[in-house]
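Colleague: The sequence isn't on hand, but the structure is:
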């Protein structure tokens, strides 16, 4: 490995870690302000009704979801809709970490309540008091940089902590 490759690799790793932290901060802030829509079907309904309010779409999978054809079809349709409506998209792995960040159980509880579907999460921007935070700018900037490199759906891996 050359010095250029090593330095470039470290910068990329640091950037990914920074964006991952920014995404986690953004999701927590949006959840506090009731600006999150969680679930594939709930997200599709919201985007159909009010696509202009959506500022970020997070599509989350883990290895076991890669063979779920129905989920992949939903993702393809959601991605196409987001591209058509200039909505930033981020593909992430680490559903368990996502559940931790949002304080959601990752398995059914003792009452038999199923966990929320975290495969699709929308961050919305309320009209009356827009979300203004550094984390949103950081994630948006990362998405824009990725599009400039012809990577229309950037990928992040959320690490367990």
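Modeller: Noted; the coordinates are in hand. Nothing here was measured: the structure is a model prediction, and the numbers come from that model.
Colleague: What segments of this protein are helices?
Modeller: Ranges of helices in the chain, per DSSP state H, are 3-32, 40-49, 69-84, 95-101, 134-148.
Colleague: Tell me which residues are up against the fourth one.
Modeller: Okay, so that is helix 95-101. Residues outside helix 95-101 that contact it (CB atoms under 8 Å, 6 or more residues apart in numbering) are 24, 27-28, 60-62, 65, 92, 104-106, 115, 118-119, 121, 158-161. In this view, the C-beta of every residue, glycine as well, is placed from N, C-alpha and C.
Colleague: Distance from the chain centre to the lengthiest strand in the chain, please.
Modeller: In the chain, assigned by DSSP state E, the strand with the most residues is strand 54-61. The chain centre lies 4 Å from the centre of strand 54-61; the measure is CA atoms, centre = their mean, to the nearest Å.
Colleague: What lies in contact with that strand?
Modeller: Contacts of strand 54-61 (CB under 8 Å, 6+ apart): 23, 26-27, 43, 46-47, 71, 75, 78-79, 82, 85, 87-95, 98, 118-125, 131, 136, 139-140, 143, 153.
Colleague: ok now stretch 91-99, how far from the chain's centre?
Modeller: Relative to its chain's centre, stretch 91-99 lies at 9 Å (CA atoms, centre = their mean).
Colleague: By neighbour count, which bits of that stretch are buried? Give me those.
Modeller: Judged by neighbour count using 16 or more other CB atoms under 10 Å, the buried positions of stretch 91-99 are 91, 92, 93, 94, 95, 97, 98, 99.
Colleague: coming back round to it: report the inter-axis angle for the longest strand of the chain versus helix 40-49.
Modeller: 160 degrees (axes from the mean of the first three to the mean of the last three CA atoms, to 10 degrees).
Colleague: What pairs with strand 54-61, parallel or antiparallel?
Modeller: strand 88-93 (parallel), strand 120-124 (antiparallel) (DSSP bridges).
Colleague: could you measure the most centrally placed residue in the chain against residue 65, distance?
Modeller: Residue closest to the average C-alpha location in the chain (CA atoms, centre = their mean): residue 58, at 2.3 Å. Separation of residue 58 from residue 65 (CB to CB, to the nearest Å): 14 Å.
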